[in-house]
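Q: Could you work out the structure for the sequence below:
(one chain, ligands or ions: 1)
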Amino acid sequence: MEFTLAVAVFSILLYALRWNRNRSKLPLPPGPRKLPLVGNFFDMPTERQWETFLKWSKQFSTSIVVLSSIEAVKELFEKRSALYSGRPRMPMVVELMGCNFLIAFMEYGNRWRSHRKMFYEGFNVGAVEQFQPQELAATHELLRRLLRGSADVVNDFRHFTGAVIMNITYGIDIRGADDKYIKIAKEGIERISTASMPGAFLVDSIPALKYVPNWIPGTEFKRKAINWKKIVQDSLQLPFAETQQNIATGTARTSFTSINLRLVEELTGTELEEQEAVIKATAANMYLGAVDTTVSALGTFILAMLLNPEAQKKAQAEIDSVVGSGQLPGFADKPTLPYVSAIVKEVLRWRNVTPLGFFFPTISPWMMSIKVTESQRIRLSLETHVLFLACDRAILHDEAIYPDPHSFKPERFLLSEGKLNPAIRDPETVAFGFGRRICPGRHMAVAALWIVVVSILSTFNIDKAIGEDDREIEPSHEYSPGVDTPPVQMFNHPTVPTGGGDDSGHFLANSFDICLDMISMRMYCPCYFTPMFFVAIYPTSIWPLLGPLHVSPPLCELKRPRNCVWVKAK
Ligand code: HEM
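A: A predicted model of the protein is given here:
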């Protein structure tokens, strides 16, 4: 028996070594020089990643396939989505900080499915219509805040999004600008953003470091993880506990959490615990997924209006002629306000919130090549294992579909008679991702964007702020990656390349080399030569590259309240 086992193990190892040798005949991908053990860890940029990746892409080749055409993205992420819906492993944020409740970081499987299903039930295209009253009420509150003279428009947008989502998700009212839940969520998102930055923590490249005792020098990351976990846990636990408490005292308002908790109240024991955990986690995802993304898009709207006063005037003329100046617009006006809808589409296209989508790891280390489209096939080897990354910005700036892509032109979505042109690809089909991992909050996000955009346009003029020298201040194009980090240079220019790496321009193979360090890691790992283990260690070596969420800080003034009689303070 033991002999048979030994022969079996030996044969597998022999096969593995031969298999590896065959594959290693393929050339190694070029990239920055690797150090022993840590590979290219220290080369990884922690900010303005796109610039470094672009530089590397010119200097080197291969490794990451950035899909910059809708055809390639649909082929892989939609037609073959069963194979391309995974997520890379993230030891710092998921395992040490306990963010395994975040759907965006979950591995594709049953756990992800159960959370996603519950999310879908609450936020599908039909279900989100029931949130319109809350969105409208929060929008009118936003207008009142702006009317009182806002010092920080971005903060007001954060407050708006928080108010809508806390109401829908937990039935909790936000109290003032310093509301504790807004504060908790803001802090939680900051920590999650920092911890999920590619290259920020070595433990993501060497997951075994998470077992190193805390007292050993150099394990500062473990202490950070413990502190940050507490902050993140607050955003998971506290609002949920308040809703539970309200249900117990009979004061709970109808919300996603209260409805779902009532549905499971018949359950007992482990079944109840499991269901409660899914409800709690899904609710937290709603808040954490919604805030920065929506705030970023609204910030871009303000920037676009500052830079394009003509577009602002046209939208206001449309609103005045359709809604009139005697009342505020509502959701029912949407079909009759195509220019406003075109502005929302252009906001999602022009400076989309996630210029780079999420990473999807290569499906299987056993594959030698992957067919991307009918005419394109990528060769794979162990060393050139690719991560697929949809470059949303490139797709949304495709000149063939959107001529003069860097200009803000809502007209591109309109027919000559002023109606929306269905033939132009709707940015909503790109800006929220693709396939099975497509953003589940997109319907709510678009509704919230639309009502805020139309309401601000109907009541305010958005003008450049006036400086102390009585001159207009030119708006900054700088956006902050993540939250509360110093502003960095924004994508004024197409820093993410939009061309193709091949004749048809379909995708940028031979482009970014962002995973070079991870590939090196695999080569130093003792398990590397055993393909059986390779599957297990592969995800540990890959960072996700979350397209940085951009929160813009537009310096602006909302002047000349237009129909402000309708925005009277309460
Ligand atoms: C303008 C607003 C928004 C934008 C641009 C946006 C964009 C995105 C993108 C690009 C993804 C990744 C999709 C992929 O992997 O291909 C995503 C995922 C996600 N979004 Fe959004 N989002 C927005 C608003 C929201 C809102 C309002 C919510 C919650 C109510 C939300 C919840 C989520 C969740 C939970 C995921 C993870 C999905 C998964 O991995 O299965 N998002 N979003």
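Q: In the stretch 351-500 of the chain, where is pLDDT below threshold?
A: The stretch 351-500 of the chain contains residues with pLDDT under 70 at 356-391, 478-500.
Q: and the host helix or strand of S235, what does it pack onto?
A: Secondary structure assignment for S235, by DSSP states H and E: helix 220-248. Packing partners of helix 220-248 (3 or more C-beta pairs under 8 Å, 6 or more residues apart in numbering; DSSP states H and E): helix 153-170, helix 180-195, helix 256-263, helix 269-307. C-betas here are computed from N, CA, C, even on glycine.
Q: from the ones you listed, which stretch is densest packed?
A: helix 153-170 (a mean of 24; mean count of other C-beta atoms under 10 Å).
Q: Low-confidence bits of this protein, can you list those?
A: Judged by pLDDT under 70, the stretches of the chain that qualify are 1-68, 150-151, 177, 198-199, 356-391, 478-570.
Q: Write out the residues of it neighbouring the ligand.
A: Taking C-beta under 6 Å from any ligand atom as the criterion, the chain approaches the ligand at residues 103-104, 116, 123, 285-286, 289-290, 293-294, 297, 353-354, 357-358, 431-434, 437-441, 444-445.
Q: returning to that earlier point: buried ones in the helix holding S235?
A: Applying a neighbour-count criterion of 16 or more other C-beta atoms under 10 Å, one finds 221-222, 224-225, 228-229, 231-236, 238-240, 242-244, 246-247 buried in helix 220-248.
Q: Buried ones among the residues of the chain next to the ligand?
A: If we count by 16+ other C-beta under 10 Å, those have these buried: 103-104, 116, 123, 285-286, 289-290, 293-294, 297, 353-354, 357-358, 431-434, 437, 439-441, 444-445.
Q: which ones among these are found in strands?
A: Assignment to strands by DSSP state E places none of those there.
Q: so what's I401 closest to, chain neighbours aside?
A: R425 (5.3 Å; C-beta to C-beta, 6 or more residues apart in numbering).
Q: do R442 as well
A: Per C-beta to C-beta, 6+ apart, closest to R442 is F432, 4.0 Å.
Q: And that neighbour, how close does it get to P440?
A: In this view, F432 and P440 are 9 Å apart by C-beta to C-beta, to the nearest Å.
Q: Now for T243: which residues touch it?
A: Y170, G171, I172, A252, S255, T257, S258, L261 (C-beta atoms under 8 Å, 6 or more residues apart in numbering).
Q: ok, 7 Å please
A: Y170, G171, I172, A252, S255, T257, S258 (C-beta atoms under 7 Å, 6 or more residues apart in numbering).
Q: for L307, same thing?
A: Here L307 is in contact with F408, P475 (criterion: C-beta under 7 Å, 6+ apart).
Q: Also R87?
A: So R87 contacts F105, M106, E107, Y108, P544 (C-beta under 7 Å, 6+ apart).
Q: what's the second one sitting at in phi/psi?
A: Backbone geometry at M106, expressed as degrees, to the nearest 10, gives phi -70, psi 140.
Q: was I right about it contacting S114?
A: No - using C-beta atoms under 7 Å, M106 is not in contact with S114; the gap is 10.0 Å.
Q: Neighbour count: those two, which is higher?
A: Each of M106 and S114 has its neighbours counted (other C-beta atoms under 10 Å); M106 has more, 22 against 17.
Q: With adjacent residues omitted, what lies nearest to that one?
A: M106's closest residue in space is W112 (C-beta to C-beta, 6+ apart), at 4.2 Å.
Q: The one helix or strand that neighbour maps to - contacts with which helices or strands?
A: Assessed by DSSP H and E, W112 sits inside helix 110-123. For helix 110-123, the packing partners by 3 or more C-beta pairs under 7 Å, 6 or more residues apart in numbering; DSSP states H and E come out as helix 269-307.
Q: Next secondary structure after the helix it packs on?
A: Next element after helix 269-307 (DSSP H and E): helix 309-322.
Q: Pull out the buried positions in the helix or strand just after that next one.
A: Next helix or strand after helix 309-322 toward the C-terminus (DSSP H and E): helix 338-350. By neighbour count on 16+ other C-beta under 10 Å, the buried set for helix 338-350 is 338-350.
Q: do the same with stretch 454-467
A: Buried, per 16+ other C-beta under 10 Å, within stretch 454-467: V454, S455, I456, L457, S458, T459, F460, N461, I462, D463, K464.
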